[in-house]
Structures are given as structure tokens and as C-alpha cells.
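just need the structure, nothing else, for what follows:
(chains A, B, C and D)
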Protein chains: 4
Amino acid sequence: MANSKYEYVKSFEQPDVLLPNTWIVIRIDGRGFHKLSDRYGFVKPNDRRALDLMNAAAVEVMKELPDLCLAYGVSDEYSFAFHPSCQLFERRSAKLVTTIVSTFTAYYIYLWGTYFPSTPLQPAALPSFDGRAVMYPTARILRDYMSWRQVDCHINNLYNTTFWTMVLQGGMSNTDAEQELKGTVSADKNEILFKRFGINYNNEEEIYKKGSVVYRQFQLEDATSMAEATAADEEDGPAAPASRSQQDKIRKLRRKAQVVVDHVDLIKDEFWARRPWILSGKPGKLPTGAQ
Amino acid sequence: MANSKYEYVKSFEQPDVLLPNTWIVIRIDGRGFHKLSDRYGFVKPNDRRALDLMNAAAVEVMKELPDLCLAYGVSDEYSFAFHPSCQLFERRSAKLVTTIVSTFTAYYIYLWGTYFPSTPLQPAALPSFDGRAVMYPTARILRDYMSWRQVDCHINNLYNTTFWTMVLQGGMSNTDAEQELKGTVSADKNEILFKRFGINYNNEEEIYKKGSVVYRQFQLEDATSMAEATAADEEDGPAAPASRSQQDKIRKLRRKAQVVVDHVDLIKDEFWARRPWILSGKPGKLPTGAQ
Amino acid sequence: MANSKYEYVKSFEQPDVLLPNTWIVIRIDGRGFHKLSDRYGFVKPNDRRALDLMNAAAVEVMKELPDLCLAYGVSDEYSFAFHPSCQLFERRSAKLVTTIVSTFTAYYIYLWGTYFPSTPLQPAALPSFDGRAVMYPTARILRDYMSWRQVDCHINNLYNTTFWTMVLQGGMSNTDAEQELKGTVSADKNEILFKRFGINYNNEEEIYKKGSVVYRQFQLEDATSMAEATAADEEDGPAAPASRSQQDKIRKLRRKAQVVVDHVDLIKDEFWARRPWILSGKPGKLPTGAQ
Amino acid sequence: MANSKYEYVKSFEQPDVLLPNTWIVIRIDGRGFHKLSDRYGFVKPNDRRALDLMNAAAVEVMKELPDLCLAYGVSDEYSFAFHPSCQLFERRSAKLVTTIVSTFTAYYIYLWGTYFPSTPLQPAALPSFDGRAVMYPTARILRDYMSWRQVDCHINNLYNTTFWTMVLQGGMSNTDAEQELKGTVSADKNEILFKRFGINYNNEEEIYKKGSVVYRQFQLEDATSMAEATAADEEDGPAAPASRSQQDKIRKLRRKAQVVVDHVDLIKDEFWARRPWILSGKPGKLPTGAQ
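Predicted coordinates for the structure are as follows:
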């Protein structure tokens, strides 16, 4: 029995290949996590278990997809970055996005019990995530994207920390706290925290202030000038894409590297200059004793 | 602290709204399920537990997204259909696909233990799914798409049933069975099953032969002429999209309907003629006593 | 000398194939025609020479591209429609749009002297056009598109006719006329024309009131019910696309038909019911004596 | 009379904005120019009048669109490049492509008589062009694109020069010449030209060997290292897009520069190093006495 009569429907599938030689960022977001965090009793302003679970799922995604070179997470969102030279799934957008969203979701559900041992998942309210792919043409813009997310993390965390301290320690109503914070700048919030509650915001945990950076660990380089690092990167240029065997070799090297979670500044040059393999896409040297 | 300096990166997010007034089908596929079915010891040629798990996850997706009007599953794939009038997420492609993929994955992982009580998931090999969205301009083509999948189900199942019977009951090697089946047509396979093993393929379970159809149950209509049913549908045409309050009302009615799993023919007219709410997008009458 | 070192740049060309089985409308617009109509002294509110030149160019486009089944023009814009079964240029969007825009421009420039014999083109101000492709999934929506343009034609022409009569015959300033017309409805404008200037808008020329419809002339059918006409069309559905030889045959028949310019109502059913070949995509019978 | 009933059809127009901060190349090609060059008696292997007409049209396009920073033409094709910072028409693809195709066509038709005074255009065979837009993420790839076209120019011109010399001067049939050239490399063709016909290919006209480069003329810089030039360019990066007033100022400066046609090497660094305004997008100094 031939299927040919109906096979014409395949022609409706449209290609969705992302532009070659651009950075690809897949950003995923928790669906309805505001409500979900209430239902599962997430601690305010930050629930360490929930963040650790997000990070654990992200680490597994990084391990399953060695083509990924960086991930950055804050709150219920995570951004995964592929290097411009990435050829995974022929750069088909839907395939890349759904693979990451599904793998992340699978680990999030599977690992839930490890991080919330006394709060079982409820079948009518399972966590899930949506996602999208965005292209960035240069390393400079990729870095600006990451800076954007990290600045956002800072802004939100300072606000949330102040708000919840006013409510939980200061006994204010949500509405009153919201009202008082309207129009304030960073300095105002720092002052409220310090003067009223003796809290120095700078001493808050780095994971809350900086978010979580996930990457493969190779030997750190001396902090060279960033200009040098990116210029080299951009100039070599793309030229022809790497051959399949080159790609396989690179993948193998990446698999050997440990995936680490860090809470560090992504805005200044230092992070990138000391870890040139992230922007270059070329694996570094494995730390001594790592093999 | 303003974020404006980096906010320009948002301009790189490109719109991906699907064409209005077209059917949207989201098809998801298990990633590496060939290998995975070996690892978890899926029964050949069909593992009832695995199919039931797929169906259970699909039912949950249908419940969470009342905008869905039909789903069809076979093996490790599932197709979910939105009506042309669907406005969910402003019809953004990535949002629709990832929501379905993630929700499906979440339930698949969560319900695994119910269907495989003695085969726990292994952390290094979690199941996951990829997916894509395709548009079909008319009800006729949407039906041809569903027919395509169901014919495929039939072709594959007849082959697999014959192959595994030759191997498991006939004691043939995989290679020998494959060799003998090369070039055979349906009648040949039916004859092998019947003459050698006394198996009448027609008596195989419907879920294996037809796959699984998931939809909301309203009162069945008398089988009217299909021509009438689709013509009415097409002619009313789209006109302006439904208002938000109309959409909400329709969603509410859909939520009340029971989501059922059926193993029936989708190729002939009868299925569609008796369930006109699927192609029309207008909820039918709830079965007596359903509220 | 091999070119292979640079050939990788071809991979940056992204596919732009339009969804199969949808109507394709290419709408082109004069660039900066407001200024241009001043420069070349177009008569207000309608310059018959300019419209005739637009129509002449459109007729040539229809002749060069037998796949086109309808065109509608008003002012400095023209819409060209391809049937859902069209396979021209594999339905590549840029190829279809640019071919029409370029062919139209070529004839517009070439024929300029015929319609404006005493107003030569000025090298620093050549007319040009931009364009875009839009897909419409059903015949109903294609008709609504054409209705949209024709209603727009009517609204603009009634306004312009009234405005310019007030200015040119009534001696009002542009500002005063504009001011008085602000907020008026059709009836008001009809009354101004009739009471003040003795002009019955209904007696204005059809080309100004209705715009210009361009199509291939086959034998008119008796006005059958439109419902019948489109229903038949939609139900036959697309099925597999026509073979190359079928397409060639259809193209040949279309080339034989005369391309005509008409100024008729496109909103009601009659136009479409009497010319079923437009919506069906199947050539009708050639008028007696046409071969 | 309101148009709202039909206005929903506007929702079918899909956005086609090109990715920000990428180079945009619009390449246009003559439609059916093989046949057309026969019909109008173009000289083989190169018709100087036809090339001059192409160049004249390209110069006018450059003048009308100051956002263009470079164009390269060979045979019946022309590539126009916009800088990554270009915001023209909000970077809408169809608008950019059709504007260039239509403007080019208008001038090609209008200027035809100037370059072919004794060969009038024939109404049934007007020249026309199609086109497409392609994005290139970095200056390196943009240069590789230009190199690709120029290498192609060289390969084709060497072949055509040899072929037509063998036919026109050597009296060979087309088939015999084609046969003999099959499998030859550049050195072979150079030898045929030199040994048999005393032609030194190097002495052929530059316009045939190199194609035509069109750009705005500012004061040439000393040939600095290219590395410096692009690195500077890439690193400043995009940051926020230029304001509207900045764009206007830049446009004004560009309009003042003379548009020149050159037949020079685009592959080596020198061209780009001495004209840094092309890759930087920042206008240079006007040549003394140019204002």
C-alpha cells in the first residue's frame, strides 16, 4: 500500500534554518511560574532549591549538547548559546529550540524530588517551559545580550530583596511596600535595606545578585586584553564551515571538560578574556588531572 | 540602574507569527527512541505500556490547551492540531511548539512510573521530544495530513508485526527476516502471517493498526454527507477573527468536554461527519449527563 | 581557477518559498507618487492618462505571466493574484515579487511617451514601484482582499472628487476644503457635490469609482449561485500539485485568452460566478472566433 | 462607508524585517538575458554598450539610495550592499529588494536609447530583472561574497574570451570550441589565446576581467593594514542603532560624494584599506574641491 497519495502534505513543511555564522541563543522561560511558585511554596524573594534545580537541569542540557558553549540562568529563565560555527541539526530553529526545551523539562521534572524532597509534584500543575531562538551576528552583541540579562537579574533582585524584606521583616502590606518603592532608584533601595534592616545588599549571595553562568571548564588564561581576544576571533572569520570530522573532534574535547556553575560578572571583559574558548568556539586545554 | 544600554539586543528577536486562518499542526517526535526502546526493554513490535504513556501525556496536553481540537499518535510521534481560528499566543510558532513539547515531556516523565512501575528512568537517558509547526490552508489538506500519518501507521505496523513474528516466533535472524521482506507488498505480509503463523492481521489490536486519535467528546451527529460538513465550514469563512470574549466562551465549553482516546479510521468521511465540531471549531452539545 | 574557497557564501541565501495551496497576491505601489504626480502635472482628482498607463503596464504583466489569474488597480497601486495551484518559480517570494515589479516598471517607463506625449520623463525623477507578496488561504479571503481594495478605491475617490471640486470649481483653499470635509460621511460628500456643484457622483466614470479589473476573457457563464462555484473549488481541494505538463497545457490555454480591462464590481458574487475560471484556476472556453 | 469589514485581510501581511546589524546584499539578475542578448545583437563575448548601460543604471541606483555603500556588477547581474547599520525602510526585505529592482529597471529602460541609439527596444521583449536579499553577518563574509562574484567574473570571462576567439577568429564551430575547452584550466586557455591568436589575456580590458565596482569617492587613505581597518570596525560594534538625525546627517554627506565606477581588484586588502568608509559605514573626507 503506497502512501504517495497523501505524501504531498510534506511539501507544507517550511525550512527554518538559522542564518549561518551567527550566535544562536535559545532562551527558555517557566510557564506561569508566578502562580506555580505560590502553589509549591517557593521561598521569597529567592528559593535556593528552585534555583539549584534550574541549574541542575541546565547542566544536564549542557552535557547532552556539547555544541552549547555557554548558558546563563536567572529566576525561571535560562539562555543557552551556540557558537556561530555550530552546525547541529543543520541549524534548524524548531529542532534546536524544542530539543533544549524538552531536555530541560525532562530533567527539571525528573530531578524535582531531589531538590524538593517534601513537596511532591501535583499532576494538575506540572512545571513546563516555553522557548525561542534568537540570532546575534557578532561576539560583541552576544556579550551585550548576556549583559542585558545580568543587569536585569540585578535590577529585579534588588527590587525583590527590598520588597520582601519590607514585607516579611518590616511587616508592611504588599501594597504599601510596592507603593513606597515606586520611583525609587538603586541607591534608595540600598538605603532602605541598610538603614531599616541593617542589610548590606553587597553581602547577599552571589547566586541571587549575579545569576548563574554555566560553561565548560578548561585551563584559565591570563587575563589578556579583551580586544585581542575578540579581534582574533572575528578576523579568522568563518571561512568555510568546519568539516564533520573536525566537528566530531571538537565535540569529543568538549565532552571531556567539566561543566561548571558559576556566579560571576559577565559584563566586564575579565570573564571572557580568561575563558577565550567560549567566544572562539575552540576548546581550551583540559585542567591538569581532568582526564 | 537603567538597562537601556543593552536593551537594543531585543531588536534581534524576529517575529514568527503563523499565517492567519490556516490549520496548525505541531508534530512531536521522540528523540533517539530506537536506542531508548532497547535500553528500557520495550516489547516488540509494540509496547502497550509505551503507547499508553504516550496517550496519557497527549490527553494531558489536550486538557491544558483547550484550543487544540485533535491529536493523533503513533509509535513515538504525536500530531496536535489547532483550528484556523486559533489565536493562542497570537499564533507565535515557537511559543506554540515549545509549549506543547514541554508539557508533553513533563507528563511523559512524570507518568513514566505509572506505566513502567518496574523500570525506573535512568538519569543519563531521559526521554525527550523535538517538534515543529506546519500550516495547512484547508480542512481537506488537514485531513490528508492525518490520512498520511494513519497510512504510515498501517504500513509500519504491518511490516513490524510480520518482521517480529518471523524473528520471535519463527526463530529467524533479523537479517534473514529483513531480507525476505524486501520488496514484499501488503498481501505478501498478510500471507506470511496467516500461512506460517496462523495470524489474521485484521484481528490485531486496533491501537496498533490505527494509532490513537484524541479529541473532545460532544454528542455525535448522524452521519451527514461530509461535503455538507466541510462546505459549511469553508464558506462561513474566516471573516474577522473571534473576539476575546467569544474565544473565552468557546474555551470554557471545550474544557467541559471529556478528552477521549479512540483507535478509529481517520481517512474516510465518517469520523469527521459525525464529529463536526472538530473541523468547524465550534463546540458541539455536551453528552447528556456530562456536566 | 576554482571558486570553491568563496563559494560557502552561497549558504547564506535563505529559502523564501510561499506556503503551497494559498492565494498569492503581489501588491505594488508607486514610490513617492504624490510628489511625482505634481512634478509631471497629473490632473486632479484623477488623471486618465496616468490610469491608462498603469492599466497598459498591468496588461503586459498579465501577458508575460500566464500564471496570473487576476489583477486589480487603483490610483498608483496594482494587485496581482496567483491561484493556489501556481508553481511559478517554485513559489519563491522574492522571485515572484521582483519579476512583477520589474516587468511592470519596464512597461511603465517604455509606454510613458504613448500616454504622456508632451510630458517627457525627467532623468532625475523616474517613476518606480515597490511591492510585496501576501498569502491568503481561501478563495473567500482572496475575495475579501479584493473587496478591501475596491472599497478603499470608492472611499478615496469620493473624498478626492469632493475635495478637488470644492477647490477647483468652488475656489476654496486646500485647507478650507480639508477642514470642511473632516468628519463627513459619504452622504455628506454626495450632497456637497450635488447641491453645490450639480454633480451626481453616480454619473462619474466607472474607472474612477470602481478601479480597474484585469483578467483573461473566456466565455461568460450564466450567473450561477456563488456558493456552488466556490464550494466546488474548495472541495476538489488541492490534492497533489499539477504535473509540469498539465501546467504547460494550462499556460498555453491562458495565453490564447484575451486580457481585458474592466471597471466592475468585485464585491458582489456576480463577477466571480460568471467568470468561474478565475477562482477555479481552470481555463474556460475561448469566446467564439477568438482563436 | 467604513472599510472595517474587510480590513482584517491586512493581518495576513507578514513581517519580513532582516536581522539587525548584518550586511544586506541585494543581487539582481537580468531575466532571460541569454535570449535577449541575441535578439538585440549584443557583441560577443562582451558588449561594451550593454555593460556601460548596466553601470549607468547602477550609478543612478546608488545616487537615489545614499544608504548603499557599494555595488559590484558583472555581465547582467549587479550586487548592491547596505551597511549593517542601515535602517532604510526598517530593513524590510521586500521593500529594499523591490525598490532597487524597480529603480534599476526604470533607468535601464530609460537610458537604453543612449547606449543603443540604433537598436530600439521591442515592446514584446523589454528587459527586466529579478532580485533577492541576502544577509552576511560580518565584514569578512561580505568581502568573501564580493570575492566570489569577482572570481566568477574572471572564470567566465576567460572562458568566454577564449571560446569566442576560437569561434570568431579561429572559425571553429560552437560545438568544436566547447568540446576543446572541456576540462581545460586557466593556463590552457591563456595558452590557446596566446599561441594561436597572439592574444595576451592580461591585456584585455579591465572592465571585462574585473567587472565594475561602484562606490562613493572620498579621500583615499594610505594603505594601512587591513587588520586594523576591520578590527576597528567590528569592535566599535553596533551598540544602539544610530539616531534618525545621525542617519540623516550621514546620508547628506554621502549624497555629496561622487559615485564612481572602477574596475579594480576586490579580493586583496588594498581596495578596502584605502577606502575605509565602505566597511565602516562612516563617510570619509570629500576630495578637495569636490563641494
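
close to chain D, is the helix or strand where A:Trp277 lies?
Under the criterion DSSP states H and E, the helix or strand holding A:Trp277 is helix A:276-280. No. Judged by C-beta under 8 Å from any C-beta of the partner chain, helix A:276-280 and chain D are separated, with a smallest distance of 12.4 Å. Every C-beta, even on glycine, is put in place using the N, C-alpha and C of the backbone.

can you pull out the helices in the stretch 101-250 of chain A?
A:139-164, A:174-181, A:186-191, A:197, A:206-210, A:226-236, A:244-256 (DSSP state H, counting those that start in this stretch).

kindly reformat those helices as TSV containing mean pLDDT.
What follows is the helices of the stretch 101-250 of chain A, written out as TSV (pLDDT from 0 to 100):
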stretch	mean pLDDT
helix A:139-164	97
helix A:174-181	97
helix A:186-191	96
helix A:197	97
helix A:206-210	98
helix A:226-236	53
helix A:244-256	89
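
how about the nearest residue to A:Met166, chain neighbours excluded?
Excluding its sequence neighbours, the residue lying closest to A:Met166 (C-beta to C-beta, 6 or more residues apart in numbering or on different chains) is A:Ala177, at 4.2 Å.

ok, A:Ser245 - how many residues close by?
Other residues near A:Ser245 come to 8 when the count uses other C-beta atoms under 10 Å in any protein chain shown.

and the gap between it and chain D?
A:Ser245 sits 23 Å away from chain D, going by C-beta to the nearest C-beta, to the nearest Å.

do A:Ala125 as well
A:Ala125 is 34 Å from chain D, by C-beta to the nearest C-beta.

can you check the pLDDT for the nearest residue to that residue once chain neighbours are set aside?
Nearest residue to A:Ala125 in three dimensions, chain neighbours excluded: A:Arg39, at 5.7 Å (C-beta to C-beta, 6+ apart). For A:Arg39, the model assigns a pLDDT of 97.

go ahead and confirm A:Arg39 touches A:Ala124.
No. Taking contacts as C-beta atoms under 8 Å, A:Arg39 lies outside contact range of A:Ala124: 9.7 Å.

what sits against the residue nearest to A:Met166?
Contacts for A:Ala177 (C-beta atoms under 8 Å, 6 or more residues apart in numbering or on different chains) come out as A:163, A:166-167, A:170.

tell me the one among these nearest to A:Phe218.
A:Phe163 (40.0 Å; C-beta to C-beta).

any idea how far the closest residue to that closest one other than its chain neighbours lies from B:Ser93?
Leaving aside its chain neighbours, A:Phe163 sits nearest to A:Ala177 (5.2 Å; criterion: C-beta to C-beta, 6+ apart). Distance of A:Ala177 to B:Ser93, given as C-beta to C-beta, to the nearest Å: 39 Å.

got the residues of the stretch 151-291 of chain A near chain B?
Residues of the stretch 151-291 of chain A lying close to chain B by C-beta under 8 Å from any C-beta are A:151-152, A:154-155, A:185-186.

and those, which of them are buried?
Among those, those buried by neighbour count (16 or more other C-beta atoms under 10 Å in any protein chain shown) are A:151-152, A:154.

possible to save these as CSV with distance to chain D?
Listed next are those as CSV, based on distance: C-beta to the nearest C-beta, whole Å:
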residue, distance to chain D
A:Val151, 15
A:Asp152, 17
A:His154, 20
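
check contacts around the residue lying closest to A:Ser128 once chain neighbours are set aside.
Excluding the flanking residues, the one nearest A:Ser128 by C-beta to C-beta, 6+ apart is B:Ser102, at 4.1 Å. Shown in contact with B:Ser102 (C-beta under 8 Å, 6+ apart): A:31, A:101-102, A:105, A:128-131.

so which of the residues you listed are in strands?
Mapping the contacts of B:Ser102 onto strands (DSSP state E) picks out A:129-131.

quick check, nearest of the residues you listed to D:Asn190?
Proximity of the ones in strands among the contacts of B:Ser102 to D:Asn190 (C-beta to C-beta) peaks at A:Gly131, which lies at 56.6 Å.

was I right to think the closest one contacts A:Ile24?
No. If you go by C-beta under 8 Å, A:Gly131 and A:Ile24 don't touch, sitting 11.9 Å apart.

these two: who's more crowded?
A:Gly131 (28 against 24).

look up how far B:Ala106 lies from A:Phe106.
That one is not Phe; residue A:106 is Ala. Per C-beta to C-beta, A:Ala106 is found 8 Å from B:Ala106.

could you do A:Phe116 as well?
Counting by C-beta to C-beta, the gap from A:Phe116 to B:Ala106 is 15 Å.

more neighbours, the two?
Neighbour totals were compared for A:Phe116 and B:Ala106, and B:Ala106 leads with 26 against 17 (other C-beta under 10 Å).

residues from the stretch 1-150 of chain A in reach of chain C?
By C-beta under 8 Å from any C-beta, the residues of the stretch 1-150 of chain A that approach chain C are A:5, A:8, A:11-12, A:14-15, A:17, A:19-21.

pick the one among those residues closest to chain D.
A:Asn21 (5.0 Å; C-beta to the nearest C-beta).

against chain B, how distant is the closest residue to A:Gly30 other than its chain neighbours?
Leaving aside its chain neighbours, A:Gly30 sits nearest to A:Asp76 (3.2 Å; criterion: C-beta to C-beta, 6+ apart). Here A:Asp76 is placed at a distance of 13 Å from chain B (C-beta to the nearest C-beta).
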